[in-house]
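>>> Just to be clear, the model below is a prediction. Sequence and coordinates:
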Amino acid sequence: MAGRVDLDGNPIKQITICMIGAGGFIGSHLCEKLLSETPHKVLAVDVYSDKIKHLLEPATVTWADRIQFHRINIKNDSRLEGLIKMADLTINLAAICTPADYNTRPLDTIYSNFIDALPVVKYCSENGKRLIHFSTCEVYGKTIGAFLPEDSPLRQDPAYYVLKEDTSPCIFGPIEKQRWSYACAKQLIERLVYAEGAENGLEFTIVRPFNWIGPRMDFIPGIDGPSEGVPRVLACFSNNLLRREPLKLVDGGESQRTFIYIKDAIEAVLLMIENPARANGHIFNVGNPNNEVTVRQLAEMMTKVYSKVSGESSIETPTIDVSSKEFYGEGYDDSDKRIPDMTIINRQLGWNPKTSLWDLLESTLTYQHRTYAEAVKQAMSKTTAN
Ligand SMILES: NC(=O)c1ccc[n+]([C@@H]2O[C@H](COP(=O)([O-])OP(=O)(O)OC[C@H]3O[C@@H](n4cnc5c(N)ncnc54)[C@H](O)[C@@H]3O)[C@@H](O)[C@H]2O)c1
Ligand SMILES: O=c1ccn([C@@H]2O[C@H](COP(=O)(O)OP(=O)(O)O[C@H]3OC[C@](O)(CO)[C@H]3O)[C@@H](O)[C@H]2O)c(=O)[nH]1
């Protein structure tokens, strides 16, 4: 760790980071990276700590003095401002961010993504502290191309679908499509952070993740999360594969996504943390434009990869179609296509993703199989016996 320098060759000083939402998927990987590869200290804030348990248990770790866990709900805890004041940088990851909640719990979604984030922005601004705020690629909503006729040649023109931080519009559906409650709340908090920068000099960076996936993402229903819960697509499909049931394709699985390996994405976040002069005042897309698939193609690839890593043959009918109303309920809508433009992050931080979709699925599904296969088998045999 000695002699670490930033992108401009300046020595990197040890800092203290207040990480809110540190116990989640992204937070757990970021904590791991900071503790194992940097000298920085982490004040980890969350209501849960299961995903960072391995980093907190003193017997196993050499970095025990560099991480503190604070079980705090940021909705209503006066300790938050003190922690932000103690830190040089605050990273806010806390959010409700599973699409199944957006249309079924729109109030919780809006409060979590906008109202609960307000004090964090305020405390950073008032105390002159730097903020890295996690937004989402969902702020782009649908592409301009989605509104062109099906056979329009313009649909092939990147100008109509590549998503650029500084020029693309945010296109959401009508209010009754409550899917957009999350995107809209995230957009408003982005605008607030940006305005604090413009009017009050807040030093900020906004991150727009494009479908980061990997180990520890969400939960497997009935194993380490509620049986009726609906996680994001990686965990939904993993659950189906573990239970040897067909993967459910919502509305034909035609939507397109670009998936990035969590470990690649975390490299980008570390560059932002350690290069404030290059990251402050910017909004960054963080994704892998080379890993684009339809959800149907994702299901097919995950089926093949799971077969390889588990040694089990795939089932006869690997996928089934299901309507979005049946799967998510009333008010669901979808982003059609999400390709990040990489110009700004390339220019400011010289960062590029490395891992192919096949490779990232291979390591992630190996983890899912090792972590869950036995527990799922036991849970299924109990259900059959009853
Ligand atoms: N994973 C992705 O691909 C992705 C994509 C777009 C945006 N994001 C954004 O990145 C951030 C982190 O996402 P993630 O995938 O790690 O989600 P996650 O759900 O795994 O992590 C969020 C964490 O925040 C915590 N949290 C929520 N409300 C809290 C509160 N009131 N007080 C304290 N802790 C609270 C949760 O307990 C959880 O551990 C979110 O803001 C999300 O919107 C993620
Ligand atoms: O069993 C399933 C589950 C989902 N789908 C479809 O897959 C697409 C992707 O779904 P998911 O990963 O759950 O979420 P989104 O990409 O739509 O939204 C996320 O993007 C970033 C973030 O902000 C945070 O992670 C979140 O909002 C989608 O088309 C589903 O309908 C499926 O077919 N089967």
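Done, it's in. Ligands and ions are numbered 1, 2, ... in the order given.
>>> Leaving out sequence neighbours, find the closest residue to I110.
Counting by Cβ to Cβ, 6 or more residues apart in numbering, A185 is the residue found nearest to I110 once chain neighbours are left out, at 4.7 Å. Where C-beta positions appear, they are placed from N, C-alpha and C, glycine not excepted.
>>> so that neighbour is in which element?
Element membership for A185 (DSSP states H and E) is helix 180-200.
>>> quick one: is the next helix or strand after that helix near ligand 2?
Note on helix 180-200: by DSSP H and E, the next helix or strand toward the C-terminus is strand 204-209. No: between strand 204-209 and ligand 2, judged by Cβ under 6 Å from any ligand atom, nothing touches; the nearest distance is 6.5 Å.
>>> begin at 595 from here
Okay, using 595 as the starting number, the last item reads as strand 798-803.
>>> tell me what the helix or strand just after strand 798-803 is packed against?
The first helix or strand that comes after strand 798-803 along the chain, using DSSP H and E, is strand 806-807. If you count contacts as 3 or more Cβ pairs under 8 Å, 6 or more residues apart in numbering; DSSP states H and E, strand 806-807 packs onto strand 854-855, helix 856-868.
>>> how far does strand 806-807 sit from the chain's center?
Centroid separation for strand 806-807 versus its chain: 6 Å, with Cα atoms, centre = their mean, to the nearest Å.
>>> again with stretch 859-872
Distance, stretch centre to chain centre, for stretch 859-872: 16 Å (Cα atoms, centre = their mean).
>>> That stretch near ligand 2 anywhere?
No: using Cβ under 6 Å from any ligand atom, stretch 859-872 stays clear of ligand 2, coming no nearer than 11.6 Å.
>>> And the contacts of that stretch?
Stretch 859-872 is contacted by residues 598, 600-602, 606, 609, 611, 620, 623-624, 627-628, 631-632, 634, 683, 685, 724, 726, 797, 799, 801, 803, 806, 873, 878, 880-881, 939, 942-945, 947 when judged by Cβ atoms under 8 Å, 6 or more residues apart in numbering.
>>> Please produce a PyMOL select command covering the buried subset of these.
In PyMOL, a selection of the buried entries from the contacts of stretch 859-872 looks like this (16 or more other Cβ atoms under 10 Å):
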select buried, resi 606+609+611+620+623+624+627+628+632+634+683+685+724+726+797+799+801+803+806+873+878+880+881+939+942+943+945+947
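>>> S832: which of the helices and strands packed on strand 806-807 is closest?
Closest of these to S832 is helix 856-868, at 14.4 Å (criterion: Cβ to Cβ).
>>> What's the mean pLDDT across the closest one?
Helix 856-868 comes out with an average pLDDT of 99.
>>> Can you get me the centre-to-centre distance for it and its chain?
That offset, for helix 856-868, works out to 13 Å (Cα atoms, centre = their mean).
>>> do the same with stretch 864-878
The answer for stretch 864-878 is 18 Å, by Cα atoms, centre = their mean.
>>> Return the set of buried residues in that stretch.
Residues of stretch 864-878 classed as buried: 864-870, 872-878 (neighbour count, 16+ other Cβ under 10 Å).
>>> Please name the spatially closest residue to the most centrally placed residue in the chain (chain neighbours excluded).
Nearest to the geometric centre of the chain sits W806, at 5.2 Å (Cα atoms, centre = their mean). Of all residues not flanking W806 in the chain, A859 sits nearest, at 4.6 Å (Cβ to Cβ, 6+ apart).
>>> Check what pLDDT the residue nearest to I704 gets.
98.
>>> so the closest residue to S821 other than its chain neighbours bridges to which residues?
Leaving aside its sequence neighbours, S821 sits nearest to P815 (Cβ to Cβ, 6+ apart; 5.3 Å). Beta-bridge partners of P815, counted by DSSP bridges, are G819.
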